[in-house]
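Peer 1: Requesting a structural model of the entry that follows:
(2 chains)
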2 protein chains.
Amino acid sequence: MKKTKKKVTAAIIVIGNEILSGRTQDINVSFLSRWLNNLGVRVVEVRIIEDVEKSIVDCVNEVKDNFDYIFTTGGIGPTHDDITSKSIAKAFNLSYGYHKEAYDILEKYYKLGKFNNGRKKMAKIPNKATLIYNPSSGAPGFIVNNIFCLPGVPSILKSMAEGLKNKIIGGKKILSKTINVSTVESEIADPLEDVQNNFSNVEIGSYPFFRSGKIGVSLVIRSTEKNQIKDCTKQIKSFIRQKNIKIEEEK
Amino acid sequence: MKKTKKKVTAAIIVIGNEILSGRTQDINVSFLSRWLNNLGVRVVEVRIIEDVEKSIVDCVNEVKDNFDYIFTTGGIGPTHDDITSKSIAKAFNLSYGYHKEAYDILEKYYKLGKFNNGRKKMAKIPNKATLIYNPSSGAPGFIVNNIFCLPGVPSILKSMAEGLKNKIIGGKKILSKTINVSTVESEIADPLEDVQNNFSNVEIGSYPFFRSGKIGVSLVIRSTEKNQIKDCTKQIKSFIRQKNIKIEEEK
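Peer 2: As a prediction, this is how the structure comes out:
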C-alpha cells in the first residue's frame, strides 16, 4: 500500500431510511472507521441521509472536496429504493447505464436464465467508474473520483474492503493507548486538561464507563507519534498516582 | 403532548471523536430515531462530527434552519474534550457561563465539598438555555432555540428523554408494517417498484436479511396514513402470492 506523509481524511455517507428510522442499527461506520484508521486514514465526518436523489446529490457535492476519500454505504442493490449509483452519476454529471465489466461479472455470477431485470440493474453504474469487486455476492461496488460506493449489508461490505487497500493512499497510522482508571471524570478533569495543553499533537479523550457494577473512566490517547503518546501517558500516570487512583487496565 | 398536522422533522448531531474512531459504537441514533418517530417526528439527517469547536459551530449553523428540531449528543461532561455547551453558545452568539438553575441543581446533587471544578463546569451553559433535567446523574442538558443538547452516555440520555416529551410538538405518527418474505430482492424488484409507483405517500423499503441460515427480504411499508399502508400491503401480498413466495412473518 502506498503511503503519504500528509494527514489523510475521509467522510462516510450512510444512505438509508432504515438507519434514520431506527429500524436498523448501523455497524458499518465503526467497522470502516477502524479499518481506515489502520490504513492511516482518519474519518472526520459521517452523514446519514435518506434514500432521496436530491439528498444524495447535495450531500456528495457538499463533502467531496473537503476530504481525501468519501465512502458511501447502502443503496446499490436491485430494488427501487436503491438509488445510490444513479445519484452519484448525477452528482458528477456522468452518464448512468450498463457498465460493461459489471454486466459481464453479474452475467457470469448468475446462472443461465437467472440474470433478471433486478440483477441487471446492479450493473448500472456511472460510466467512468472503476469497480470494487465483491467476493460474497457478485454485485460490485464502484469508485468515481474520490467516492467509494459500498453496499449496506455489513458482511458483504467487510468482504469487499480487503480488495480496496491498494486503492487507498494512507498517511501515518493513528496510534492509540487506553488507560482505564477507577474514578469519575470530574476528579481528574483539571490535571487532564493540563496534560492536554502540553501536547498539541495528541488527542486525549475521556469516557466514563459503567461495567459490571464498577464505574470508571477510559482515557484514550491518540496520535500518529509514538513518542508523544509515551510522554503523554507518563504525565497522565503521574497525576493518577498522586491522586491514589487505581489503574484498572492499560492497552 | 401538542400535535401539528404538518410534517415535523429532526436532525441528530453526534459529537464525539470516540464514534468517529470506531472505538465506541453509537446506539443513541437508533434510540432517538425510534423515540422521535413515536412522537411524530421524522429524523431526516444525522451528522457525526469531531470534538472541535469550529466543526460544532459550523454544523449547527448549517443544519439549524433546515429541520424543526436538532438533537445533539455528547460533549456536555466535565472534561476538556466536552465542548458542546461552549460551542452552542458561540453558534448562537450567546454568553457562556454559570447558569443559575443548573448551578443550584448540581450544588444540591453533590455532597458538601464534592462540588469541584469539573462538576462546576457542567453548570456552564449558554445563558438563555432552558434546562433538560437529568434523573440519573444530576448534570442537566439544555435547549437553545430548536437545539436540544443531550449527553452521550446512552443510559443517561434515555433517562432524560421522558421529561422532554412536552417540549416537542410532533406531527402525525409514522406507522410501519413489515412483511418478511422468503425470496431474494431481485425476484421481486419489478413488481415492488410498480407498487411503490402506485403510492406516492408511502415509503417502501426492501432489506435483504440472513438469519439462522435462511435468506429473505424484509419489506417495510411506512406512512402516516393507516389506509395507505393497508392498500399497499394488499398489492404487495397479491404479487407475492402470484409468485408463490412464502410470507415468513408479518408485523
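Peer 1: which residues in the stretch 51-200 of chain A form helices?
Peer 2: Using DSSP state H, counting those that start in this stretch, the helices found in the stretch 51-200 of chain A span residues A:53-63, A:84-91, A:100-109, A:117-121, A:154-161, A:185-198.
Peer 1: which one of these has the lowest average pLDDT?
Peer 2: Here those differ in mean pLDDT, and the lowest is helix A:117-121 at a mean of 92.
Peer 1: can you tell me if that helix touches chain B.
Peer 2: Yes: on the criterion Cβ under 8 Å from any Cβ of the partner chain, helix A:117-121 is in touch with chain B at A:Asn117, A:Gly118, A:Arg119, A:Lys121. All C-beta spots, glycine's among them, are computed from the backbone N, C-alpha and C.
Peer 1: Buried ones in that helix, by neighbour count?
Peer 2: A:Gly118, A:Arg119, A:Lys120, A:Lys121 (16 or more other Cβ atoms under 10 Å in any protein chain shown).
Peer 1: residue ranges with poor pLDDT in the stretch 1-150 of chain A?
Peer 2: A:1 (pLDDT under 70).
Peer 1: on that earlier part again, kindly reformat the residues of helix A:117-121 next to chain B as TSV containing distance to B:Thr79.
Peer 2: As requested, those are exported to TSV (distance: Cβ to Cβ, whole Å):
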residue	distance to B:Thr79
A:Asn117	55
A:Gly118	51
A:Arg119	52
A:Lys121	50
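Peer 1: Go through the residues you listed and say which is closest to chain B.
Peer 2: Of all these, A:Gly118 has the smallest distance to chain B: 3.1 Å, by Cβ to the nearest Cβ.
Peer 1: deepest of the helices of the stretch 51-200 of chain A, which one?
Peer 2: Among the helices of the stretch 51-200 of chain A, helix A:84-91 has the highest mean neighbour count (mean count of other Cβ atoms under 10 Å in any protein chain shown), at a mean of 23.
Peer 1: Quick check: bridge partners of the residue nearest to A:Ile179 when sequence neighbours are not counted?
Peer 2: In this structure, A:Ile179 finds its nearest non-sequential neighbour in A:Leu219, 4.6 Å apart by Cβ to Cβ, 6 or more residues apart in numbering or on different chains. Counting by DSSP bridges, A:Leu219 forms beta bridges with A:Ile179, A:Ser206.
Peer 1: try A:Ile132
Peer 2: A:Gly141.
Peer 1: so how far is chain B from it?
Peer 2: Separation of A:Ile132 from chain B (Cβ to the nearest Cβ, to the nearest Å): 19 Å.
Peer 1: Report the contact partners of that residue.
Peer 2: A:Pro140, A:Gly141, A:Phe142, A:Ile143, A:Phe148, A:Cys149, A:Leu150, A:Met160, A:Gly163, A:Leu164, A:Lys167 (Cβ atoms under 8 Å, 6 or more residues apart in numbering or on different chains).
Peer 1: moving C-terminal of the top helix by length along chain A, what's the next helix or strand?
Peer 2: Ranked by residue count and defined by DSSP state H, the top helix of chain A is helix A:226-242. Using DSSP states H and E, the helix or strand that follows helix A:226-242 in sequence is strand A:247-250.
Peer 1: tell me how far that following strand is from the chain's mean position?
Peer 2: In this view, strand A:247-250 has its centroid 28 Å away from the chain centroid, taken as Cα atoms, centre = their mean, to the nearest Å.
Peer 1: Name every strand pairing with it and say which way it goes.
Peer 2: Strand A:247-250 has these strand partners (DSSP bridges): strand A:175-181 (antiparallel).
Peer 1: Buried residues, the partner strand. List them.
Peer 2: A:Leu175, A:Ser176, A:Lys177, A:Ile179, A:Asn180, A:Val181.
Peer 1: what's the answer for stretch A:240-251, then?
Peer 2: A:Ile240, A:Ile245, A:Ile247, A:Glu248.
Peer 1: what do you get for stretch A:224-237?
Peer 2: For stretch A:224-237, by 16+ other Cβ under 10 Å, it's A:Thr224, A:Gln228, A:Ile229, A:Asp231, A:Cys232, A:Thr233, A:Gln235, A:Ile236, A:Lys237.
Peer 1: do you know how far the first one is from A:Leu164?
Peer 2: From A:Thr224 across to A:Leu164, the span is 22 Å (Cβ to Cβ, to the nearest Å).
Peer 1: if we can go back for a sec, state the pair within the buried residues of stretch A:224-237 that is farthest apart.
Peer 2: The span of the buried residues of stretch A:224-237, defined through Cβ to Cβ, is set by A:Thr224 and A:Lys237 at 21.3 Å.
Peer 1: number of nearby residues for the nearest residue to A:Tyr133 once chain neighbours are set aside?
Peer 2: Once flanking residues are discounted, A:Tyr133 sits nearest to A:Gly163: 5.2 Å by Cβ to Cβ, 6+ apart. Using other Cβ atoms under 10 Å in any protein chain shown, A:Gly163 has 15 neighbouring residues.
Peer 1: re earlier: with respect to B:Asp58, which of the buried residues of stretch A:224-237 is nearest?
Peer 2: A:Thr224 (24.6 Å).
Peer 1: Now that closest one. Nearest residue, chain neighbours left out?
Peer 2: A:Lys172 (3.9 Å).
Peer 1: gap between the one you found and chain B?
Peer 2: Taking Cβ to the nearest Cβ, one finds A:Lys172 at 15 Å from chain B.
Peer 1: Report how many residues lie close to the nearest residue in space to A:Leu94 that is not next to it in sequence.
Peer 2: Closest residue to A:Leu94 apart from its sequence neighbours, by Cβ to Cβ, 6+ apart: A:Pro126 at 4.2 Å. A:Pro126 is flanked by 25 other residues according to other Cβ under 10 Å.
Peer 1: rewinding a little: what sits against the residue nearest to A:Thr224?
Peer 2: A:Lys3, A:Lys5, A:Gly40, A:Thr224.
Peer 1: A:Asn198 too?
Peer 2: A:Asn198 neighbours (Cβ under 8 Å, 6+ apart): A:Cys232, A:Gln235.
Peer 1: Now do it against A:Ile229, distance only.
Peer 2: Taking Cβ to Cβ, one finds A:Asn198 at 13 Å from A:Ile229.
Peer 1: for A:Thr24, helix, strand, or coil?
Peer 2: When classified by DSSP: H, G, I helix; E, B strand; the rest coil, A:Thr24 comes out as coil.
Peer 1: Roughly how far does A:Gly170 sit from chain B?
Peer 2: 15 Å.
Peer 1: and the residue lying closest to A:Gly205 once chain neighbours are set aside, what does it touch?
Peer 2: Distances taken as Cβ to Cβ, 6+ apart place A:Val220 nearest to A:Gly205, at 4.2 Å, with adjacent residues excluded. When contacts are counted by Cβ under 8 Å, 6+ apart, A:Val220 touches A:Ser176, A:Lys177, A:Thr178, A:Ile204, A:Gly205, A:Ser206, A:Tyr207, B:Glu18, B:Arg23.
Peer 1: what about the longest helix of chain A and chain B, any contact?
Peer 2: No: applying Cβ under 8 Å from any Cβ, one finds helix A:226-242 out of contact with chain B, separated by at least 12.2 Å.
Peer 1: if we look at that helix, which residues are touching it?
Peer 2: Outside helix A:226-242, the residues touching it (Cβ under 8 Å, 6+ apart) are A:175-177, A:179, A:181, A:188, A:191-192, A:195, A:198-199, A:201-202, A:204, A:219, A:221-223, A:247.
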